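J.: Sequence first, predicted coordinates after that:
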Amino acid sequence: LIYWCVDANLGIRNGFILITSNYVNNIFKLMFAGPRPYWVSDKVLPFAAESSFGVPSGHAQNAVGVWGIMAAGVRKQWAWGVALALAFLIGFSRWYLGVHFPHDVFMGWLLGGILLWAFMQFWNPVEAWLKQKTFGTQIFIALIVSVIFIALGAVSVGRLDGYTFPAEWRDNALRAGPLVPAPVSIEGFITSAGTLFGLAIGAAWIAARGGYQASGPVEKRALRYVIGLIGVVILWMGLGEVFPDNADLLSYFLRYVRYTLVGFWVSGGAPW
């Protein structure tokens, strides 16, 4: 919505920090392998169910990064106030729902803050450096980063090879619903890698054609959003129904392709 209808530059930054934050969060979740409150105690009555490890909180981390980038783009004091309030309330909601310990949320806020600082410091220099490269070189760099994402993810998953989910945690988790926790998985890393690659291809492709501006009358912005959303539904949900969802190389490859197409559609296809 931000990219298509509000501000293209702000939207693309928002997309990249969200992808990066999700990826880093998955790395740390596997590093700490911490449980969720309702997994370890049947006295905790959760209002939601999650399948991944608990620490750090992805919602808290993403809130700091996404809303922080928004505030940095708006460059108004009130925007930072709104961003801080939203990040706090989103983190607090994870305690209330019973899906995170306080230290999970604090860790998420900390990592989100570090990522936000890094993006604010290095986005402009990196963007200027990439603009000096040819379109082919930009795509190659994006592919290399994407492959590194998957490789580091595979190493993180490999560290927990043979991990056995405690039976007590599983039994407690099932009280919250039929979702069986499956915290050791490479799927999240493939999703982030594919989306990043597609987003980068789309951004470079549209920039080579003169760039994209989100300005225009309200009705045109609304039409853009509808067109963009239809494409996302077709690629994300449609291909999700068609492609296999197994723990094998073919399924992982098709997941990568699927999210690459979604990323490209968001930053390139829909704007074009």
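T.: Received, thanks. Everything numeric here is computed off the predicted structure, so don't read it as measured data.
J.: drop to CA atoms for contacts and neighbour counts, all remaining ones
T.: Will do.
J.: List the residue ranges of the stretch 151-272 of the chain that fall below the pLDDT cut-off.
T.: Scanning the stretch 151-272 of the chain for pLDDT under 70 picks out no residues.
J.: Run through the helices of it in chain order.
T.: 167-173, 187-207, 218-232, 239-242, 249-264 (DSSP state H, counting those that start in this stretch).
J.: what's the fourth one in contact with?
T.: Residues outside helix 239-242 that contact it (Cα atoms under 8 Å, 6 or more residues apart in numbering): R258.
J.: so which of the helices of the stretch 151-272 of the chain is the most packed in?
T.: Highest mean neighbour count of the helices of the stretch 151-272 of the chain: helix 187-207, a mean of 24 (counted as mean count of other Cα atoms under 10 Å).
J.: elements contacting it?
T.: For helix 187-207, the packing partners by 3 or more Cα pairs under 8 Å, 6 or more residues apart in numbering; DSSP states H and E come out as helix 8-32, helix 135-158, helix 249-264.
J.: quick one: N62 from K133, how far?
T.: The gap separating N62 from K133 is 30 Å, by Cα to Cα, to the nearest Å.
J.: same question, L239
T.: 33 Å.
J.: how about V232, what does it touch?
T.: V232 makes contacts with 262, 265-266, as judged by Cα under 8 Å, 6+ apart.
J.: State the distance from it to I139.
T.: 22 Å.
J.: re earlier: and the helices and strands packed on helix 187-207 as CSV, adding distance to P271?
T.: Compiled in CSV, those are given as follows (distance: least, Cα to Cα, whole Å):
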stretch, distance to P271
helix 8-32, 9
helix 135-158, 18
helix 249-264, 10
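J.: Looking at those helices, spot the one closest to G91.
T.: helix 8-32 (14.4 Å; Cα to Cα).
J.: between that closest one and helix 135-158, how big is the angle?
T.: Here the directions of helix 8-32 and helix 135-158 differ by 20 degrees (axes from the mean of the first three to the mean of the last three Cα atoms, to 10 degrees).
J.: list the helices and strands helix 8-32 packs on?
T.: helix 58-74, helix 102-131, helix 135-158, helix 187-207.
J.: Let me see the mean pLDDT of the first one.
T.: It refers to helix 58-74. Helix 58-74 carries an average pLDDT of 95.
J.: Show me which positions of it end up buried.
T.: Neighbour counts over helix 58-74 (16 or more other Cα atoms under 10 Å) mark 58-73 as buried.
J.: Can you show me the CA trace of that helix as CSV?
T.: Once non-C-alpha atoms are left out, helix 58-74 reads as follows in CSV (Å, rounded to 0.1, in the frame of the first residue of the first chain):
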residue,chain,number,x,y,z
GLY,A,58,9.1,-11.2,15.6
HIS,A,59,6.1,-8.9,16.0
ALA,A,60,7.9,-6.6,18.4
GLN,A,61,11.1,-6.6,16.3
ASN,A,62,9.2,-5.9,13.0
ALA,A,63,7.1,-3.2,14.6
VAL,A,64,10.3,-1.2,15.6
GLY,A,65,11.8,-1.6,12.1
VAL,A,66,8.7,-1.0,10.0
TRP,A,67,7.2,1.9,11.9
GLY,A,68,10.6,3.3,12.6
ILE,A,69,11.3,3.5,8.9
MET,A,70,7.9,5.1,8.4
ALA,A,71,8.7,7.8,11.0
ALA,A,72,12.2,8.4,9.5
GLY,A,73,10.6,8.9,6.1
VAL,A,74,7.9,11.3,7.4
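J.: Off-centre distance for that helix?
T.: 12 Å (Cα atoms, centre = their mean, to the nearest Å).
J.: Packing partners of that helix?
T.: Right, helix 58-74 is packed against helix 8-32, helix 77-96, helix 102-131 by 3+ Cα pairs under 8 Å, 6+ apart.
J.: if we go to 6 Å?
T.: Using 3 or more Cα pairs under 6 Å, 6 or more residues apart in numbering; DSSP states H and E, the elements in contact with helix 58-74 are helix 77-96, helix 102-131.
J.: could you dump the ones you listed to CSV with distance to K43, mean pLDDT and mean neighbour count?
T.: CSV is the format used below for those (distance: least, Cα to Cα, whole Å; pLDDT from 0 to 100; neighbours: other Cα atoms under 10 Å):
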stretch, distance to K43, mean pLDDT, mean neighbour count
helix 77-96, 14, 96, 17
helix 102-131, 17, 96, 17
